[in-house]
Structure formats: C-alpha cells, structure tokens
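> What follows is a predicted structure for the sequence shown.
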Amino acid sequence: MSWVTALARPDIVALQVYEHAAWRPQLERLHANELPWSPTGGDPRSGINRYPEPQPRALIERLAALYGVAADSVLVGRGSDEAIDLLCRAFCRAGEDAVLVCPPTFGMYSVSARIQGAQVHTAPLAMERGFALDEAQLLARCTRTTKLVFLCSPNNPTGNLLDEQAMLRIARELAGRALVVVDEAYVEFADRPSLARRLGELPNLAVLRTLSKAYGLAGARCGALLADPQVIGLLRKIIPPYAIAKPTLDAVLSRLTPAALAAGRAQLDTLLAERTRLLQALAQLPRIVRLWPSDSNFILAEFDDAGAALERADQAGLLVRDARGYPGLGRALRITVGTAQQNSRLLEAWS
C-alpha cells in the first residue's frame, strides 16, 4: 500500500472512475452526443460545440514548463478553489478527519473542509512576529485524524511570506501522516522561488498555483495543483471530466506564449513599483495606525476608523476589502494595488 492510498479516503481509492468520451481528435466525433455544428452565428472553427479535452495535454505541458515540474505532477482545474475542494473530498472522511489552517488566512480552506464534513483545527499565525508560523503549535495540533495542512505563502490577507525552512520542516515531520499544501497564489509578487522545486524530495508536499493573479486571468478560472503523481492520479478520479472549458483553454494558451509572458513581466514590474509607492504613501497617512509589509499584490493596513475609511473609498468610486472579520484584524482593510491613477485617487480620498 502506498502512502497516498493509506492517507486517502478508502472509498475514493476504490472508486470506479467515470469514463468520459474518448479523446481521439484525429477522428470525426459521433460518440459524445454533441451537436455537429457550432451555435448559430458562432465561429465554426471555435469547437465550442464539442466537449473539451479532459486535462488538456497542451495546457498541462505548458504549465509544467512554467512551474518547473514534470507533467504527471500537474492537475489543472477551475482556479485554486477547485483543487482545495478536491483535496478535502479525496482525503477527509466526513465526521472523522480534519484539516489544519493558520488564521488569519484564506477562507476557502475551512469552507471546503466544512462542506465535506471535516473538522477544522487551527494554529494561528503569530501576529507579534509579523504573522509568522508557529511551528511548534502547528505540529502539536496535528492529530492522527489531520489529513491536510494548508499554508498560504504569501499569506492572504496579511501579505507576508511564511518561513520556507519552517514549512519544509513541517512537511518532513508530517511525512506519511498528512499532506502539506502550500498555496502560492501570490508568489510571483514575492522575491522567492516556488516550493515546487522541492516536490521530488518531499512527496507529501503539494503546491497550489493560479493564473488568476499575476497572469491576469481571474475571469478565465484556471489554476493548478503541483504534487506527487500519486496525489494527482487520485484527484483525477474525482475531478469533473471537462473541468477546463474551451474558451478558458484558448485564453490560457494565448497568455502563456513567450511574447505574452514577456509583456506580463513588464506589467508585473510596473505593479511592484506601484506597490512600493503605495506603501510609502500610506505610511504617511495619520489615520493609518499600522501598515504591514507586503510580498503580494495587496497591502494590509489598520485604521483608527476602518468604517470611515471604507466610506471615503466608496465615495471615491473605489472598493477595498473589509478585513475586520479576520481574527485579530478588527481595524484592518486589505487594499489591492491598482493602476497608478486608482492608487492616487485612493490616497487622495484618505488624505
């Protein structure tokens, strides 16, 4: 029995996989109950009348090259959210197993776990140390039923990178006991390489990546899980057969051409410069009582009156995120770095 088989839900391991329509593009399709024409008025070359390729090979190979992993270590889905949901469903038995999260952090880890009926254990980040991991507390709170540990780095909503060596030590300590999932949705905005480079030495480490942030494809809904091929194989059993829609596939492949990637890097440089400008300017505002450093494309700030700050932003036609519902962040707002013009309008509203 492999470590994945021992860790996963037995009923998922034994699940008979749904047999989707065969993908043989060299043949004309009379096997999938599709309409043989494109919609009226549509481009007949679009292929929108046909089911897309399950786990499209061209996309898998492009993402594997982008992230520096083998193709059999990649699962693509509708953003990182789908991978989070699949992990909870594959590894957590309802009413028995648990996930561990480190608040304040991305809420979908807990939501997906609770939808699955799993328990949610917490090991809060140490606010007094810049929202650092509390490694000892985390390991102490991992019980025999803890199947997944979610770590977000850079963390949302706080914007900070988690200590890389601490994350690796946690993965080593939990080898054979739990899957450690590092969410790197914002890593392109940070000065650190991805932990995907360590997958070969730590089979129980998994990495979430997305094209929603730095690649500007939030509306396309495309993300990836990078993990041991055994984990990928298990999740392929339960992901819907046609998870990546044809328009999404076309948009993503177009965005990942060499020319588009070069243009994207220039945009990223512009955004990072705006982040620096915004941080410096926010630090001078008297209504901001605390400003947290950022390794992401957003900034967390605490205000003397967060409600009033929200209202002033709204009056300027700008929407920022109310972060006051997160533990320990009762006065905080999360500000996405926008265009230079948007950032200037926000600063003026708060001056």
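Structure's in. What do you need?
> Would you map the helices across this structure?
Along the chain, counting by DSSP state H, helices occupy 3-7, 10-13, 57-67, 79-91, 108-116, 135-140, 164-173, 229-236, 246-255, 258-282, 306-315, 340-350.
> which of those helices is buried the deepest?
Across the helices of the chain, the average number of neighbours (mean count of other CB atoms under 10 Å) peaks for helix 79-91, which reaches a mean of 23. C-beta: built from backbone N, CA, C; applies to glycine.
> Would you state the strands of the stretch 101-250 of the chain in chain order?
Assigned by DSSP state E, counting those that start in this stretch, the strands in the stretch 101-250 of the chain fall at 119-122, 146-152, 179-183, 205-210, 223-226.
> okay if I get the ones you listed as a markdown table plus mean pLDDT?
Formatted as a markdown table, the strands of the stretch 101-250 of the chain follow (pLDDT from 0 to 100):
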| stretch | mean pLDDT |
| --- | --- |
| strand 119-122 | 98 |
| strand 146-152 | 98 |
| strand 179-183 | 98 |
| strand 205-210 | 98 |
| strand 223-226 | 98 |
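> I'd like these as JSON lines, with mean neighbour count and distance to residue 163 appended.
What follows is those, written out as JSON lines (neighbours: other CB atoms under 10 Å; distance: least, CB to CB, whole Å):
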{"stretch": "strand 119-122", "mean neighbour count": "16", "distance to residue 163": "18"}
{"stretch": "strand 146-152", "mean neighbour count": "25", "distance to residue 163": "10"}
{"stretch": "strand 179-183", "mean neighbour count": "26", "distance to residue 163": "12"}
{"stretch": "strand 205-210", "mean neighbour count": "26", "distance to residue 163": "15"}
{"stretch": "strand 223-226", "mean neighbour count": "26", "distance to residue 163": "20"}
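> and residue 22, which of those strands is closest to it?
Comparing those by their distance to residue 22 (CB to CB), the top pick is strand 223-226, with 24.4 Å.
> Direction included, what does that closest one pair against?
strand 74-77 (antiparallel), strand 205-210 (antiparallel) (DSSP bridges).
> returning to what we had before: and of the helices of the chain, who's closest to residue 192?
With respect to residue 192, and counting by CB to CB, the nearest of those is helix 164-173 at 7.0 Å.
> That closest one to strand 205-210, inter-axis angle?
130 degrees (axes from the mean of the first three to the mean of the last three CA atoms, to 10 degrees).
> which strands and helices sit next to helix 164-173?
On a contact count with 3 or more CB pairs under 8 Å, 6 or more residues apart in numbering; DSSP states H and E, helix 164-173 meets helix 135-140, strand 146-152, strand 179-183.
> Distance to residue 160 added to these, as JSON lines?
As requested, those are arranged in JSON lines below (distance: least, CB to CB, whole Å):
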{"stretch": "helix 135-140", "distance to residue 160": "15"}
{"stretch": "strand 146-152", "distance to residue 160": "10"}
{"stretch": "strand 179-183", "distance to residue 160": "13"}
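> Which of the ones you listed sits closest to residue 330?
strand 146-152 (20.5 Å).
> elements contacting the closest one?
Strand 146-152 is packed against helix 79-91, strand 98-101, helix 164-173, strand 179-183, with contacts defined by 3+ CB pairs under 8 Å, 6+ apart.
> One more pass at 10 Å, please.
helix 79-91, strand 98-101, helix 108-116, strand 119-122, helix 135-140, helix 164-173, strand 179-183, strand 205-210 (3 or more CB pairs under 10 Å, 6 or more residues apart in numbering; DSSP states H and E).
> Pairing partners for it, with directions?
strand 98-101 (parallel), strand 179-183 (parallel).
> Hmm, residue 230 and residue 3 touching each other?
Yes - using CB atoms under 10 Å, residue 3 makes contact with residue 230 at a distance of 7.7 Å.
> Give the residues shared as contacts by these two.
Residues touching both residue 3 and residue 230 by CB atoms under 10 Å, 6 or more residues apart in numbering: residue 203.
> for the nearest residue to residue 228 once chain neighbours are set aside, what are its contacts?
Once flanking residues are discounted, residue 228 sits nearest to residue 203: 4.4 Å by CB to CB, 6 or more residues apart in numbering. Residues near residue 203 by CB under 10 Å, 6+ apart: 2-4, 171, 175-176, 179, 227-231.
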